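Asks: sequence plus the predicted model coming up.
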Amino acid sequence: MSALHDKSLVIDGLIISKWDRSVFEEMRKGGISAANCTVSVWEGFQATVDNIATMKREIRDNADILTLIRSAEDIVRAKADGKTGIILGFQNAAAFEDNLGYVEAFADQGVRVVQLCYNTQNLIGTGCYERDGGLSGYGREVVAEMNRVGILIDLSHVGAKTSEETILESKKPVTYSHCLPSGLKAHPRNKSDEQLKFIADHGGFVGVTMFPPFLKRGTEATVDDYVEAIDYVANIVGEDNVGVGTDFTQGYDRAFFDWITHDKGRHRRLTDFGTVLNPEGIRTIGEWPNLTMAMEKAGWSASRIEKIIGGNWLRTFRTVWGA
């Protein structure tokens with residue numbers, strides 16, 4: 001591990017791995033100070049509460065290496081204590097169902113990041129895999145409530161029109177927590193240069209993923225290709241507005257990818273990822289430090305690296321969550 005990585009605050013904007021001790025130990029091996037950890041995708045209210053209860057039990061059972069994150073200062077404390085902070089996050093606001101009160105209820109349980117839609121239509125807006133009708137009236141109320149209670153709005157899998165209307169509607173910064181630029185590879189999940197610039201121009205933030213189906217060289221990619229993608233985005237949005245959101249799916253098998261690629265987890269197939277093989281050099285969470293070393297090899301300054309691997313995320317969380 002490089003000295004720079006070891007001393008830096010490291011934040012991963014999105015991990016959706018199979019949560020168990022082996023994954024948590026990998027997060028420590030990777031020097032991760034905190035990560036946005038998915039606890040809901042297609043689940044409704046009750047199943048999501050069950051998932052949160054399970055994750056909180058995992059945090060208690062692994063308290064020697066984990067801590068629950070409720071504030072930006074909790075992340076700073078996790079780094080100082082040599083632990084990894086777990087940020088509870090949703091990749092779909094379906095768990096809010098049709099009850100605005102559930103937004104605050106989940107915030108009280110510790111949820112700090114919620115993506116509005118996952119690939120398809122819900123009560124709030126439209127995902128990136130179908131015709132986009134924009135942000136609904138109920139969706140505007142959800143945005144206002146998320147602003148009020150301090151939950152960061154994520155638009156990574158959200159359609160272009162719903163994303164644009166949300167960016168304009170929100171009174172606080174919003175994020176694409178894990179996306180890649182379509183300027184390097186055309187794909188429904190990737191964002192155009194115009195979309196990236198628009199979110200940054202309105203105070204938003206971009207986390208760059210390395211999920212191989214969306215990378216320019218797919219399963220042939222290396223950690224250097226990932227650095228290239230981050231650099232591409234930084235050149236559009238500015239190095240103060242970009243971070244890392246790997247989208248590690250460590251520990252999951254084919255059944256998980258079948259579930260996640262069908263609408264609601266059980267209806268029509270939306271996409272087929274094929275082989276999911278992370279870039280050489282960062283195939284596992286424990287190899288996260290190789291990303292920092294690849295940035296150093298590319299000639300990036302220490303201050304730029306520190307911002308992009310964690311400092312920028314911390315500032316954004318502090319702005320949205322409060323102190």
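Replies: Nice, thanks for sending it over.
Asks: just for the chain, where's the confidence low?
Replies: 323 (pLDDT under 70).
Asks: ok, which stretches of it are strands?
Replies: Using DSSP state E, the strands of the chain run over 11-15, 34-40, 66-68, 84-90, 111-115, 152-154, 175-179, 205-208, 242-244.
Asks: now the ones you listed in TSV, with distance to Leu277 and mean neighbour count?
Replies: C-beta: built from backbone N, CA, C; applies to glycine. Below are these laid out as TSV (distance: least, CB to CB, whole Å; neighbours: other CB atoms under 10 Å):
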stretch	distance to Leu277	mean neighbour count
strand 11-15	17	28
strand 34-40	20	27
strand 66-68	28	19
strand 84-90	24	27
strand 111-115	24	25
strand 152-154	25	28
strand 175-179	17	29
strand 205-208	18	28
strand 242-244	19	27
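Asks: you'd agree Asp224 is up against Met295?
Replies: No. Between Asp224 and Met295 there is no contact under CB atoms under 8 Å: 9.8 Å.
Asks: who has more neighbours out of the two?
Replies: More crowded of Asp224 and Met295, by other CB atoms under 10 Å: Met295, with 25 against 16.
Asks: quick one: contacts for that one?
Replies: Counting by CB atoms under 8 Å, 6 or more residues apart in numbering, Met295 touches Val227, Ile230, Arg304, Ile305, Ile308, Ile309.
Asks: same question for Thr275.
Replies: Per CB under 8 Å, 6+ apart, neighbours of Thr275: Pro212, Thr219.
Asks: tell me the phi and psi of it?
Replies: Dihedral angles of Thr275 (phi, psi; degrees, to the nearest 10) stand at phi -70, psi 130.
Asks: how close does it sit to Ile52?
Replies: 32 Å (CB to CB, to the nearest Å).
Asks: Thr319 now?
Replies: On the measure of CB to CB, Thr319 and Ile52 end up 24 Å apart.
Asks: which one of those two has more residues nearby?
Replies: Using other CB under 10 Å as the criterion, Thr319 and Ile52 rank with Ile52 on top: 19 against 15.
Asks: who's in contact with the closest residue to Lys297 other than its chain neighbours?
Replies: Ranked by CB to CB, 6 or more residues apart in numbering and with sequence neighbours excluded, the top spatial neighbour of Lys297 is Asp224, at 7.8 Å. Counting by CB under 8 Å, 6+ apart, Asp224 makes contact with Gly281, Ala294, Lys297, Ala298.
Asks: out of the residues you listed, which are buried?
Replies: Gly281, Ala294 (16 or more other CB atoms under 10 Å).
Asks: let me know the closest of the contacts of Asp224 to Glu130.
Replies: Gly281 (35.0 Å; CB to CB).
Asks: check the gap between the residue nearest to that closest one when sequence neighbours are not counted and Lys29 for me.
Replies: With sequence-adjacent residues excluded and distances taken as CB to CB, 6+ apart, Gly281 is closest to Val223, at 3.3 Å. Separation of Val223 from Lys29 (CB to CB): 16 Å.
Asks: out of the two, which sits in the more crowded spot?
Replies: The neighbour comparison of Val223 against Lys29 (other CB under 10 Å) goes to Val223, with 23 against 16.
Asks: so what's the more buried one up against?
Replies: Here Val223 is in contact with Pro279, Glu280, Gly281, Ile282, Glu287, Asn290, Leu291, Ala294 (CB under 8 Å, 6+ apart).
Asks: out of those residues, which are buried?
Replies: Pro279, Gly281, Ile282, Glu287, Asn290, Leu291, Ala294.
Asks: which parts of the stretch 101-250 of the chain are helices?
Replies: Applying DSSP state H, counting those that start in this stretch to the stretch 101-250 of the chain gives helices spanning 101-109, 137-149, 160-169, 193-201, 223-237.
Asks: and the angle for the last one with helix 193-201?
Replies: With axes from the mean of the first three to the mean of the last three CA atoms, to 10 degrees as the basis, helix 223-237 and helix 193-201 are set at 70 degrees to each other.
Asks: can you show me the CA trace of helix 223-237 as CSV?
Replies: C-alpha atoms of helix 223-237 as CSV (Å, rounded to 0.1, in the frame of the first residue of the first chain):
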residue,chain,number,x,y,z
VAL,A,223,-6.8,-0.3,-13.4
ASP,A,224,-5.1,2.2,-15.7
ASP,A,225,-8.3,2.3,-17.9
TYR,A,226,-10.2,3.1,-14.7
VAL,A,227,-7.8,6.0,-14.0
GLU,A,228,-8.3,7.2,-17.6
ALA,A,229,-12.1,7.2,-17.1
ILE,A,230,-11.8,9.2,-13.8
ASP,A,231,-9.5,11.7,-15.5
TYR,A,232,-11.9,12.1,-18.4
VAL,A,233,-14.7,12.9,-16.0
ALA,A,234,-12.5,15.2,-13.9
ASN,A,235,-11.6,17.2,-17.1
ILE,A,236,-15.4,17.9,-17.6
VAL,A,237,-16.7,18.4,-14.1
